[in-house]
Structure formats: C-alpha cells, structure tokens
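Visitor: here you go, sequence then predicted model.
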Amino acid sequence: MAGSFDTISLLAGDLNELVPAVKREIVGTIIVPGSADLVQSLLNAGFMDEINMIIHPVVLGSGKRYLDCIAANKGLKIIGTQLYETSGSLRLRYEVVK
C-alpha cells in the first residue's frame with residue numbers, strides 16, 4: 001500500500017453518522033489505526049473491508065483480545081502474510097467477508 005498520508009483527522013461521536021460522512025468526503029483508502037474497541041465497533045457496524053495487523057512476539061500476562069466481541073456473522077479471510085525476520089513480527093492481512 002502506497003500513498004500520501006499527510007491528512008490526519010481525529011473524530012468523536014456516533015460511528016453510524018461519522019463513517020458514512022467521511023466516506024463521502026474521501027476518495028480511496030481510509031486507514032484507521034485504532035484500539036481493539038474501535039476495530040470491533042467498526043467491524044460490527046459493517047464499516048471495514050480489510051484488517052491489517054502486525055503481531056509482535058511479546059509475551060504478555062493480560063490484555064484485551066483484539067478480535068473479541070465480533071458479531072457471529074462476521075468472517076475473516078486471510079489474504080496475505082509477511083514475516084519480518086529481524087524482529088520476528090508477522091503482518092497479517094484479512095478481508096472482511098460480508
């Protein structure tokens with residue numbers, strides 16, 4: 001994925017109102033770096049087409065499950081992987097099956 005990322009906006013409010021408004025304004029890919037809560041909300045509302053995540057080999061004792069609480073009718077299809085050999089991190093790309 002390549003492109004210009006010179007415009008960053010922070011939004012607050014109801015996703016069901018904000019996301020359609022942003023999609024009308026922006027042509028092309030919208031990238032949403034966000035917390036597990038935001039990702040789950042966007043997925044459950046049907047606003048995501050693809051998920052990109054990088055898994056780092058760090059052992060943690062606790063934390064929020066990133067894809068927890070996703071509605072049962074949402075499926076994910078793996079469409080790409082990339083290993084970063086130096087760090088041992090793994091990039092996963094999923095298509096959101098609608």
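Guide: That came through, no problem.

Visitor: only C-alpha atoms from now on, for both contacts and neighbour counts.
Guide: Will do.

Visitor: ok, the nearest residue to L76 once chain neighbours are set aside - contacts?
Guide: Closest residue to L76 in three dimensions, ignoring its sequence neighbours and counting by C-alpha to C-alpha, 6 or more residues apart in numbering: V96, at 4.8 Å. The contact partners of V96, taken as C-alpha atoms under 8 Å, 6 or more residues apart in numbering, are 48-51, 74-77.

Visitor: what residue is smack in the middle of the chain?
Guide: What sits nearest the mean C-alpha location of the chain, by C-alpha atoms, centre = their mean, is I51, with 4.2 Å.

Visitor: which element is that residue on?
Guide: Using DSSP states H and E, I51 sits within strand 50-55.

Visitor: my guess is R65 meets D37, correct?
Guide: No: if you go by C-alpha atoms under 8 Å, R65 and D37 don't touch, sitting 9.5 Å apart.

Visitor: neighbour count: these two, which is higher?
Guide: Of the pair R65 and D37, D37 is the one with more neighbours under other C-alpha atoms under 10 Å, namely 15 against 9.

Visitor: alright, I will stop here.
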